[in-house]
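[1] kindly return the folded structure for what I paste below:
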Amino acid sequence: MWVVVCYDVNTEERQGRKRLRRVAQVCKNFGQRVQKSVFECQVSEMQFEELRRKLLKEIKLEEDNLRIYRLTEPREKNAEAHGLIRTIFFDEEPLIV
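    As a prediction, this is how the structure comes out:
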């Protein structure tokens, strides 16, 4: 399944900046950054639950905002991108270079 993860972490204090880095690292482990605080992830149901659990562990509900959107398949018909677009490559098969 495809999911989009968006977050806004309060970085006014040092702990918030650390939290921001940890949230970004969790997202990097599951997907690809498409904007500064937006990631697209292709995950299984089990990976989705793990991603969600890890993100909820990192954020502070009183200060931060986390949104996770499941994209309806096929993604290409239900998601649009405009402007400066980085090439995003996801594949089920291993990439041999």
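[2] which strands and helices sit next to whatever helix or strand Val5 lives in?
    In this assignment (DSSP states H and E), Val5 forms part of strand 2-8. When contacts are defined as 3 or more CB pairs under 8 Å, 6 or more residues apart in numbering; DSSP states H and E, strand 2-8 sits against helix 14-30, strand 38-42, helix 45-58, strand 65-71. C-betas here are computed from N, CA, C, even on glycine.
[3] residues near Arg14, how many?
    Neighbour count of Arg14, defined by other CB atoms under 10 Å: 8.
[4] and it, how far from Leu66?
    Distance, Arg14 to Leu66, using CB to CB, to the nearest Å: 20 Å.
[5] give the contact list for Leu66.
    5-7, 23, 55-56, 59 (CB atoms under 8 Å, 6 or more residues apart in numbering).
[6] from the residues you listed, which two are the most distant?
    Largest separation among these by CB to CB: Cys6 and Leu56, giving 14.3 Å.
[7] between the two, which one's more packed in?
    Each of Cys6 and Leu56 has its neighbours counted (other CB under 10 Å); Cys6 has more, 15 against 11.
[8] stretch 1-9: how far from the chain's middle?
    The chain centroid and the centroid of stretch 1-9 are separated by 4 Å under CA atoms, centre = their mean, to the nearest Å.
[9] just the mean pLDDT for that stretch, thanks.
    Averaging pLDDT along stretch 1-9 yields 94.
[10] quick one: buried residues of that stretch?
    Judged by neighbour count using 16 or more other CB atoms under 10 Å, the buried positions of stretch 1-9 are 2-5, 7, 9.
[11] can you check stretch 47-56 too?
    By neighbour count on 16+ other CB under 10 Å, the buried set for stretch 47-56 is 47-48, 51-52, 54-55.
[12] could you do stretch 60-76 as well?
    64, 66, 68, 71.
[13] could you dump those residues into TSV and include distance to Ser37 and pLDDT?
    Shown next, in TSV, are those (distance: CB to CB, whole Å; pLDDT from 0 to 100):
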residue	distance to Ser37	pLDDT
Asp64	11	96
Leu66	10	96
Ile68	13	96
Leu71	17	87
